[in-house]
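Visitor: Got a predicted structure plus its sequence, pasted below:
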Amino acid sequence: MDKDNFLGRWLADDISDEEKKEFENSDDYLAYKDILRNVEKFDRPVFDVEKGLKSQKEYNKTFKKATKSKVIKLKFWLYTAAAAVVILFGLRTVLFTTTEVSTEMAETKTWTLPENSIVTLNADSSIEYDKKSFAENRIIYLKGEAFFDVEKGSSFTVKTKNGDITVLGTEFNVYARNENIEVHCFEGKVQVTNTKETVILTPGKAIKSNAEGTLDPKEIKESKPSWMQGKSTFNQVTLKHLIGELERQYDIKITTNPNVDLNRLFSGFFVHNDLDKALQTCFDPMDISYIFKNPKNLELKNK
Amino acid sequence: MSENIISVCDEKVYEQLYREHAEKICYYLYYKYGDMEKAQDIVQDSFAKLWTNCAKIIFGAAKSFLYKIANNASINDYKHQKTVLKFKSTEQKTYTNESPEFQMEEKEFMHKLNLAISNLKEGQREVFLLNRIEKKTYKEIAEMLDISVKAVEKRMHLALIILRKKIGNV
């Protein structure tokens, strides 16, 4: 009886007369009949169609209907937006391929340019170049101070607001802050051009702009800028210049008492890893005292 | 030409669809879960979906759309819940010539039957009650649940055997 879904077929009246007869004579038959008879006694909750329809209509009002025309509109806007994004990105890659690298106060960074030239940025400096045209003209814009190790090849130009430096493969340092420009040539040949003149530097030579805007020649002994070895070296720089460098290297603010002459000249160096030592080496020989107002602020005063 | 197409967005058409299917779907869900409130919620959501998508659904496909949504909703929302059926017994007969003992026995039987139905598997219960209470043919049930007639037959068979075992010989 359990075979072939017999009860299922029986309920659907899908059995032969013989099967039926046999089943009706069995004890099970009455038991099953009893169950079926009683199942029908169960009631079900009422579903009021009209009431349901009414509340359904109210419920539907809280939804926005997605009509066909709306779907097309949305698609249209989507395509427009997508196209705009694509165009903007396209324009961006065509027009703005500039790469900018910058350093914060008290930070140095080494950056490899396309064609493997290496730039080391001193604190609070930035370089900017166009990725696309760099391969052709090798022009790089500099604010602040950086050391360049240029791979041999076509001319390489560093543009600063105070003058341009053009080189063939070489190593050189450029300092261009405020109105000053200072270029040290460590290897190869470097040409420096500002509004007044053009100077060609050979290894061991340097130039430094003076107050008149012309370029004064200088001799150097190091093979790398001193700041790359963790110190800043100065030869006949103003106190103002020195303070600016200290602020950059240590990310501090230095104020000066009016009795301090900012145009005094300084020669010497300070280290980058010990502020107290640096301050001592800078200011003790000049008879200037310094007071910390807080760890980031200090004031200078004549002793 | 478009005038010849029956649009589900047409209020009259929508109302007609509701009157034709809402109750059936509701009872089907009720037999499945034993919870009228849930069943009604799902019905409402299904018809709301039909309404918001009316422009995309052709009239002929509305019914299967509704059942599909109802089935999905049920699965999403109530998959993890084990529901207990609460069937009301029909009103007591106002007159009776049956003995109190018989009445007691019958009450006990109904209670056992109720429990046994509650404990049936979801698939068996919905098929069994649709057939026995709603008087739906196997074919109609098969269409509703999107299963074969043979599967309906099998569920009926198993449901009855299980009920018989649970209740025993009274």
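Guide: Sure, I can see it. Source: prediction; values computed, not measured. Residues are numbered from 1 along each chain as shown, chains lettered A, B, ... in the order given.
Visitor: biggest helix in chain B, by residue count?
Guide: Ranked by residue count, the top helix of chain B under DSSP state H comes out as helix B:11-33.
Visitor: what helices or strands is that one leaning on?
Guide: Secondary-structure packing of helix B:11-33 (3 or more CB pairs under 8 Å, 6 or more residues apart in numbering or on different chains; DSSP states H and E): helix A:49-61, helix B:36-52, helix B:62-78, helix B:122-132. C-beta here means a position set from N, CA and C on the backbone, and glycine is covered the same way.
Visitor: Touching that helix from outside, list them.
Guide: A:44-45, A:47, A:49, A:52-53, A:56, B:6-8, B:36, B:38-40, B:42-43, B:46-47, B:50-51, B:54, B:59, B:62-63, B:66-67, B:70, B:74, B:78, B:83, B:122, B:125-126, B:129-130, B:133-134, B:144 (CB atoms under 8 Å, 6 or more residues apart in numbering or on different chains).
Visitor: Recalculate using a threshold of 6 Å.
Guide: Outside helix B:11-33, the residues within contact range by CB atoms under 6 Å, 6 or more residues apart in numbering or on different chains are A:47, A:49, A:52-53, B:6, B:36, B:39-40, B:42-43, B:62, B:66, B:70, B:83, B:122, B:126, B:129-130.
Visitor: Report the central residue of chain B.
Guide: In chain B, the residue lying closest to the centroid (CA atoms, centre = their mean) is B:Tyr28, at 1.5 Å.
Visitor: Quickly note the distance from that residue to chain A.
Guide: 11 Å (CB to the nearest CB, to the nearest Å).
Visitor: And the helices in chain A, which stretches?
Guide: A:6-11, A:17-24, A:27-39, A:49-61, A:68-95, A:131-137, A:239-250, A:275-283.
Visitor: Among the ones you listed, which comes closest to A:Ile291?
Guide: With CB to CB as the criterion, A:Ile291 lies closest to helix A:275-283 of the helices of chain A, at 10.6 Å.
Visitor: Any buried residues in that closest one, and which?
Guide: The neighbour-count check on helix A:275-283 (16 or more other CB atoms under 10 Å in any protein chain shown) flags A:275, A:278-279, A:282-283 as buried.
Visitor: Kindly report the same for stretch A:114-123.
Guide: A:117, A:119-123.
Visitor: Would you mind giving the domain segments of the chain?
Guide: No chain in the question, so chain A it is. Per the record, chain A has its domains at A:3-39, A:49-95, A:98-227, A:230-302, by automatic domain parsing.
Visitor: actually it's chain B I care about, not the one you picked
Guide: Looking at automatic domain parsing, the domains of chain B come to B:2-78, B:100-167.
Visitor: Please state the offset of the shortest one from the chain centre?
Guide: The chain centroid and the centroid of domain B:100-167 are separated by 11 Å, computed with CA atoms, centre = their mean, to the nearest Å.
Visitor: near chain A at all, that domain?
Guide: Yes. Using CB under 6 Å from any CB of the partner chain, we find that domain B:100-167 touches chain A at B:113, B:132, B:138, B:153-154, B:156-157, B:160, B:163-164.
Visitor: A:Ile127: neighbour count?
Guide: Burial of A:Ile127 is recorded as 22 neighbouring residues (other CB atoms under 10 Å in any protein chain shown).
Visitor: and it, what are its bridge partners?
Guide: Beta bridges link A:Ile127 to A:Val101, A:Leu142 when assigned by DSSP bridges.
Visitor: So for it, what's the pLDDT?
Guide: In this prediction, A:Ile127 carries a pLDDT score of 91.
Visitor: Contact partners for it?
Guide: A:101, A:119, A:140, A:142.
Visitor: nearest to chain B, of those?
Guide: A:Val101 (52.0 Å; CB to the nearest CB).
Visitor: which stretches of the stretch 101-250 of chain A have low pLDDT?
Guide: Under the criterion pLDDT under 70, the flagged ranges of the stretch 101-250 of chain A are A:169.
Visitor: OK, contacts around B:Ala142?
Guide: So B:Ala142 contacts B:148-149, B:152 (CB under 6 Å, 6+ apart).
Visitor: and if you look at A:Thr238?
Guide: A:Thr238 neighbours (CB under 6 Å, 6+ apart): A:Asn263.
Visitor: Look up the residues forming beta bridges with it.
Guide: A:Leu265.
Visitor: Check which element follows the helix or strand of chain B with the lowest mean pLDDT along the chain.
Guide: Least confident helix or strand, chain B: strand B:88-89 with a mean of 50, by mean pLDDT, DSSP states H and E. Using DSSP states H and E, the helix or strand that follows strand B:88-89 in sequence is helix B:100-118.
Visitor: what's the average pLDDT for that following helix?
Guide: Mean predicted confidence for helix B:100-118 is 81.
Visitor: now, among the residues of domain B:100-167 next to chain A, which is nearest to A:Glu136?
Guide: Closest to A:Glu136, out of all of the residues of domain B:100-167 next to chain A and judged by CB to CB, is B:Lys154, at 78.9 Å.
Visitor: Secondary structure element for that closest one, which one?
Guide: Here B:Lys154, judged by DSSP H and E, is contained in helix B:149-167.
Visitor: Name the residues of that helix that are buried.
Guide: Neighbour-count burial for helix B:149-167 [16+ other CB under 10 Å]: B:149, B:151-164, B:167.
Visitor: Check those residues against A:Pro217 and report the nearest one.
Guide: Closest to A:Pro217, out of all of those and judged by CB to CB, is B:Ala151, at 99.6 Å.
Visitor: Distance of that closest one relative to B:Lys139?
Guide: Separation of B:Ala151 from B:Lys139 (CB to CB, to the nearest Å): 12 Å.
Visitor: And for A:Ser226?
Guide: Per CB to CB, A:Ser226 is found 95 Å from B:Lys139.
Visitor: So between those two, which is more surrounded?
Guide: A:Ser226 (18 against 11).
Visitor: Tell me the bridge partners for the nearest residue to that one once chain neighbours are set aside.
Guide: Excluding its sequence neighbours, the residue lying closest to A:Ser226 (CB to CB, 6 or more residues apart in numbering or on different chains) is A:Thr233, at 3.9 Å. Beta-bridge pairing for A:Thr233 (DSSP bridges): A:Phe269.
Visitor: and A:Thr233, how far is that from B:His157?
Guide: 99 Å.
Visitor: what's the answer for A:Lys208, then?
Guide: The value you get for A:Lys208 to B:His157, if CB to CB is used, is 103 Å.
Visitor: Skip the chain neighbours and tell me the closest residue to B:Asp45.
Guide: Closest to B:Asp45 by CB to CB, 6+ apart is B:Ala73, at 5.7 Å.
Visitor: what do you get for A:Lys301?
Guide: Nearest one to A:Lys301, counting by CB to CB, 6+ apart, is A:Asn257 at 4.3 Å.
Visitor: again, but for B:Leu66
Guide: That would be B:Ser46: by CB to CB, 6+ apart, it lies 5.2 Å from B:Leu66.
Visitor: Surely the one you found and B:Ile69 touch.
Guide: Yes. The pair B:Ser46 / B:Ile69 is scored as a contact, 4.2 Å apart, by CB atoms under 6 Å.
Visitor: Which one's more surrounded, the two?
Guide: B:Ser46 (26 against 20).
Visitor: Mind putting the helices and strands packed on helix B:11-33 into JSON lines with mean pLDDT and distance to B:Tyr18?
Guide: Below are these laid out as JSON lines (pLDDT from 0 to 100; distance: least, CB to CB, whole Å):
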{"stretch": "helix A:49-61", "mean pLDDT": "88", "distance to B:Tyr18": "5"}
{"stretch": "helix B:36-52", "mean pLDDT": "88", "distance to B:Tyr18": "6"}
{"stretch": "helix B:62-78", "mean pLDDT": "78", "distance to B:Tyr18": "9"}
{"stretch": "helix B:122-132", "mean pLDDT": "90", "distance to B:Tyr18": "20"}
